[in-house]
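Visitor: Next comes the sequence, and after it the predicted model I'd like to discuss.
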Amino acid sequence: MGRCRIDDRQIDSLYRLTPEDFVSARDSLARALRSAGDKEMSAQVKALRRPSVAAWLVNQLARERDDELDELLATGAVLRATQAAVLSGRADGAQLQALTAGRREQIDALLAAARDLAAQADRKNAPLDAVDATLIAATADESAAAAVRSGRLVKELSYSGFGLSDDIAEAVAPALRVVPRQARTAPPAKSARPTKAERSHTTSNKPAAEPRRDPAAERRAAAEAAATAAVRQAQQAVNDALGAADDAQRAFDTLTRDVDRAAADEQRLAGELAAIREQLADSKERQRVARGVARSAHADAERARTVLVKAQQKLDHLR
């Protein structure tokens, strides 16, 4: 049997690299395996997909911020259970709203960490929106949570009221599969003519009788199928409600940020308006003083003009 020359830990190390470094490291490992004669494993490594930038950032969070990510995923599990309880009337919306707000705070903290990781890798325009959508999907769906926790995402995830937008298997790098090399053995030789025992078995081999019907078992199977369908329908309702709650929370968060910005602008403009009003009042006061000075100057000028006229008349008379 063949022996695997690498293990999954080495594949995990590939997904710690940036998408560009991943390609060169993957191809180098595949060539080494092929040169060593392990063509099956080389082909598996070569087929590993390069992660998107958003997936790479989430993989980094799974390694660098594993405790915070585990807390977020735990919150997601509680959130899903609470949503099911709300739908069945066993919990109220206030608890659900508190959990949703807490999840938002946890995601924002992880997004800040992702922004720092992107800055360290000189990626100024990192797709943090895709990271945000992936983390939300991880809290809304159990399979998405496992995919994010694996640290092997190759593409970002998104979740709507109808569930995950893509097949989860396509978003995660597969585990390595060891292909044993079976020893070649010749098939057992057969006699050209069947033996007496074989002929006897062939002639005595009659079709088996059909099994007897069990109506009770059939009713149980039908009831189980109906119950299974009801559970799936209820789960879909939970997923739909979860997606709607996520959309509503994101809209609420966006509007909250808009309100905060508008309030800050209002406060800034109020300060500017107060300063302008103060300047206006000062200008009006200076205008009033200047008007008095101007009137006094006009009066002085008029008196001087009268003196000038009299002096001119006296001069004319002397001439």
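Guide: Thanks, I have the structure now. As the structure is a prediction and not an experimental result, all values here were calculated from the model. Numbering: from 1, shown residues only.
Visitor: Arg26 touches Lys46, doesn't it?
Guide: Yes. At 7.1 Å, Arg26 and Lys46 qualify as touching, with contact defined as C-beta atoms under 8 Å. Heads up, the C-betas are built off the backbone N, CA and C, glycines and all.
Visitor: Mind checking which of the two has more residues around it?
Guide: Remark: of Arg26 and Lys46, Arg26 carries more neighbours, 20 against 14, as counted by other C-beta atoms under 10 Å.
Visitor: Would you map the strands across the stretch 101-250 of the chain?
Guide: 159-160, 163-164 (DSSP state E, counting those that start in this stretch).
Visitor: Just give me the lowest mean pLDDT stretch among those strands.
Guide: Mean pLDDT per stretch puts strand 163-164 lowest among the strands of the stretch 101-250 of the chain, at a mean of 62.
Visitor: tell me the contacts of Lys46?
Guide: Counting by C-beta atoms under 8 Å, 6 or more residues apart in numbering, Lys46 makes contact with Arg26, Asp27, Ala30.
Visitor: possible to save these as CSV with distance to Ala112, secondary structure and pLDDT?
Guide: Converted to CSV, the contacts of Lys46 look like this (distance: C-beta to C-beta, whole Å; DSSP: H, G, I helix; E, B strand; the rest coil; pLDDT from 0 to 100):
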residue, distance to Ala112, secondary structure, pLDDT
Arg26, 30, helix, 89
Asp27, 34, helix, 91
Ala30, 36, helix, 89
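Visitor: Just name the closest of those residues to Glu266, please.
Guide: Arg26 (53.6 Å; C-beta to C-beta).
Visitor: show me what contacts that closest one?
Guide: Contact analysis of Arg26 by C-beta under 8 Å, 6+ apart lists Leu14, Val45, Lys46, Leu48, Arg50.
Visitor: Who wins on neighbours among those residues?
Guide: Val45 (23 neighbours).
Visitor: so that one touches Arg31, yeah?
Guide: No. The pair Val45 / Arg31 is not scored as a contact, 9.4 Å apart, by C-beta under 8 Å.
Visitor: Quick one: neighbours of Arg115, just the number.
Guide: Per other C-beta under 10 Å, the neighbour tally for Arg115 reads 16.
Visitor: Quick check: it touching Pro127?
Guide: No. Judged on C-beta under 8 Å, Arg115 makes no contact with Pro127 at a distance of 11.1 Å.
Visitor: Contact partners for Leu308?
Guide: Contacts for Leu308 were tallied using C-beta under 8 Å, 6+ apart; there are none.
Visitor: ok, now Val23?
Guide: With contact taken as C-beta under 8 Å, 6+ apart, Val23 is in contact with Arg50.
Visitor: If we go by neighbour counts, what in the helix or strand encompassing it is buried?
Guide: Using DSSP states H and E, Val23 sits within helix 19-35. Judged by neighbour count (16 or more other C-beta atoms under 10 Å), helix 19-35 contains these buried residues: Phe22, Ala25, Arg26, Leu29, Ala30, Leu33, Arg34.
Visitor: Columns distance to Leu87 on top of the residues you listed, output as a markdown table?
Guide: A markdown table is the format used below for the buried residues of helix 19-35 (distance: C-beta to C-beta, whole Å):
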| residue | distance to Leu87 |
| --- | --- |
| Phe22 | 42 |
| Ala25 | 47 |
| Arg26 | 45 |
| Leu29 | 48 |
| Ala30 | 49 |
| Leu33 | 51 |
| Arg34 | 54 |
